[in-house]
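In: Sequence unavailable; structure follows:
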C-alpha cells in the first residue's frame, strides 16, 4: 500500500502519502457533507443582518453611520475570532474549536432577537462574529488535511459553498419570516436551527488524523480514524505513524507559529495571500452589507433585491466550485478569470450606461456572480500552502487580515456610497477597483508559486509505491 514501509516489529505508515494518495471514499464525502452543514449555518447566521437590515433600520430609525456600525460589528468580531480560533485549533485540535464555535454562534444568534437598541445589536453581532471567525479556519484545515493531493483547494471551495448557500438562504428565510414575525423572528429561528446542528456534530464530527499525527497522538488513537478512509488498514500491523512531508513544529507559542508563516518561500506567499484576500473581501462585504440597499436606491423593490442577492450568492458559490475544479490542474492563475470579468461589469454599472434599461438586472446579477466566484476561489487558497502544524494559523491570519476590509467596507460604504443614486454608482466603480486588485494579487501568487517546489499545493509529493 502507498505510504507504508516495513519497520522492526511492524509497519510504519506515512500518513501524508496515505491520505494524499487515496481516491475519494464515502468517508471523504461524509466529512465534506458535515463541513458543508457547519458552514451553511455559519453563513446563515452571519448573513442575517444583511437581509434584515432594512427592517431594523425602519424599526430603530438607524442613521447611515449607525447602519455601517451595525453591519461591521460581526466583521470586527471575526477579526478577533479568526486569530483565537485558528491558534487554538492548531494546539488543541480542529474538532473542539468547531464544536464550541457552533454552540456559541447558535446562542448568540438567538439572543440577538432580543436586541432593543442599536448598541445592544452591535454588541451581540460582535460577539457572534467571534464565534463565526473562529470556526472557518479549523473547518478548512480539517478538510485540506483529509483530502487527496489533487482535491485540497476544491474541498475548501465546496465547503464554502455551504457558507454561500447559507447566506443566500438567509434572504429567503427573511422574506418568509420577517413580514409576519419581524426581524427578531428570523434570528430566533436561525439560532434554534443552528443549535440542533451543534447537537448533531457532537456525535458525528471527527478530528483531523493528520493533525493528530503531527501532535504525536498515540497510534491506537489515530488508526481507527484512518481505517474509516480505508478499512483494509485494520488487517495490517501498523506500529508507527509519520508525516514525510513535514518537519516537526518548532513551538506552540502564538508568535512562533506567526513567524513560521514567513519562513522560506512563505515569505512571499503569505503577504500576497493577505493582499488578495483583502481586496476580494472588500468587494464581497460591500456587496453583502449594502447590496440590498444599493438596489433599493437604484429603484428595485425590496423582495426583488433580496432574491437577486440570494440567487447571485448561490450561483457564485457553485461557480467557484467549478472554477477550482479547473484550477486544481491548471494552476491558481486561472482564479483571476472571475474577477477579471467582474471589473468591466462593475465599471459598466457604475458609469450608469445601463441604469434602468433592459440589461440592468442581468448585468447586476452577473456582476454579483463574478464577485462570488472569485471570492470562493480566493478563500480556497488561503490555507493550502501551509503545513499541518501551522495550517489553521495560516488560514486564520489570512482571515484576520481580510477582516480589515470586511470592517472597512460597510463603514466606508455607509459614509460614501449610500447618500443617493450617484453615490451607489460610485460604489460599483470602487468595487471594480477592488476586483482589479484581486487579479493582480492572483497573478503575483501564481508567479511565485511556480518558483516554490516545496509548496503545499500543486507541488505536493506523490506517495511512493509500497
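Out: Good, I have the coordinates. On a predicted model such as this, the values are computed, not experimentally measured, just so you know.
In: Low-confidence ranges, the stretch 251-400 of the chain, go.
Out: Within the stretch 251-400 of the chain, the segments meeting pLDDT under 70 span 251-254, 324-332, 380-381, 383-384, 388-389.
In: for residue 61, phi and psi?
Out: Main-chain torsions, residue 61, degrees, to the nearest 10: phi 60, psi 50.
In: same thing with the one 5 residues further on?
Out: With angles defined as degrees, to the nearest 10, residue 66 shows backbone torsions of phi -70, psi -30.
In: how many neighbours does the nearest residue to it once chain neighbours are set aside have?
Out: Distances taken as CB to CB, 6 or more residues apart in numbering put residue 118 closest to residue 66, at 5.2 Å, once the chain neighbours are dropped. Heads up, the C-betas are built off the backbone N, CA and C, glycines and all. Other residues lying near residue 118 total 19 when counted by other CB atoms under 10 Å.
In: hang on, residue 118 packs against residue 69?
Out: Yes. At 7.5 Å, residue 118 counts as touching residue 69 under the criterion of CB atoms under 8 Å.
In: Tell me which stretches of the stretch 201-350 of the chain form strands.
Out: Applying DSSP state E, counting those that start in this stretch to the stretch 201-350 of the chain gives strands spanning 238-242.
In: can you map out the helices along it?
Out: Along the stretch 201-350 of the chain, the stretches classed as helices by DSSP state H, counting those that start in this stretch are 209-214, 219-229, 254-260, 266-297, 302-330, 337-350.
In: Can you tell me what sits against the shortest one?
Out: With CB atoms under 8 Å, 6 or more residues apart in numbering as the test, helix 209-214 has contacts from 15-16, 19, 90, 93-94, 141, 145-146, 221-222, 225-226, 229, 241-243, 246, 249, 387-389.
In: one step back: what would the helices of the stretch 201-350 of the chain look like in TSV with mean neighbour count and distance to residue 122?
Out: Formatted as TSV, the helices of the stretch 201-350 of the chain follow (neighbours: other CB atoms under 10 Å; distance: least, CB to CB, whole Å):
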stretch	mean neighbour count	distance to residue 122
helix 209-214	25	35
helix 219-229	16	41
helix 254-260	16	28
helix 266-297	23	14
helix 302-330	20	22
helix 337-350	22	29
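In: Minimum distance to residue 161: which of those helices has it?
Out: helix 302-330 (4.5 Å; CB to CB).
In: Tell me what angle that closest one forms with helix 337-350.
Out: 150 degrees (axes from the mean of the first three to the mean of the last three CA atoms, to 10 degrees).
In: Show me what helix 302-330 is packed against.
Out: The contact analysis (3 or more CB pairs under 8 Å, 6 or more residues apart in numbering; DSSP states H and E) places helix 302-330 against helix 26-60, helix 152-204, helix 266-297, helix 337-350, helix 360-380.
In: That one vs helix 360-380, what angle?
Out: Counting by the same axes, to 10 degrees, helix 302-330 lies at 40 degrees to helix 360-380.
In: what's the spacing between helix 302-330 and its chain's center?
Out: Taking CA atoms, centre = their mean, to the nearest Å, one finds the center of helix 302-330 at 14 Å from the center of the full chain.
In: Next: stretch 423-431.
Out: Relative to its chain's centre, stretch 423-431 lies at 25 Å (CA atoms, centre = their mean).
In: For that stretch, what does the pLDDT average out to?
Out: Averaging pLDDT along stretch 423-431 gives 92.
In: Check which residues of it are buried.
Out: Neighbour counts using 16 or more other CB atoms under 10 Å place 424-425, 427-431 of stretch 423-431 among the buried residues.
In: Name the residues that touch that stretch?
Out: 283, 286-287, 290, 294, 297-298, 342, 346-347, 349-352, 355, 367, 371, 413, 416-418.
In: In contact with the closest residue to residue 227 other than its chain neighbours, which residues are there?
Out: Closest residue to residue 227 apart from its sequence neighbours, by CB to CB, 6+ apart: residue 233 at 4.8 Å. Counting by CB under 8 Å, 6+ apart, residue 233 makes contact with 13, 223, 226-227.
In: For the residues you listed, give me a markdown table that also has distance to residue 257 and pLDDT.
Out: Output for the contacts of residue 233, formatted as a markdown table (distance: CB to CB, whole Å; pLDDT from 0 to 100):
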| residue | distance to residue 257 | pLDDT |
| --- | --- | --- |
| 13 | 26 | 88 |
| 223 | 28 | 92 |
| 226 | 26 | 92 |
| 227 | 30 | 92 |
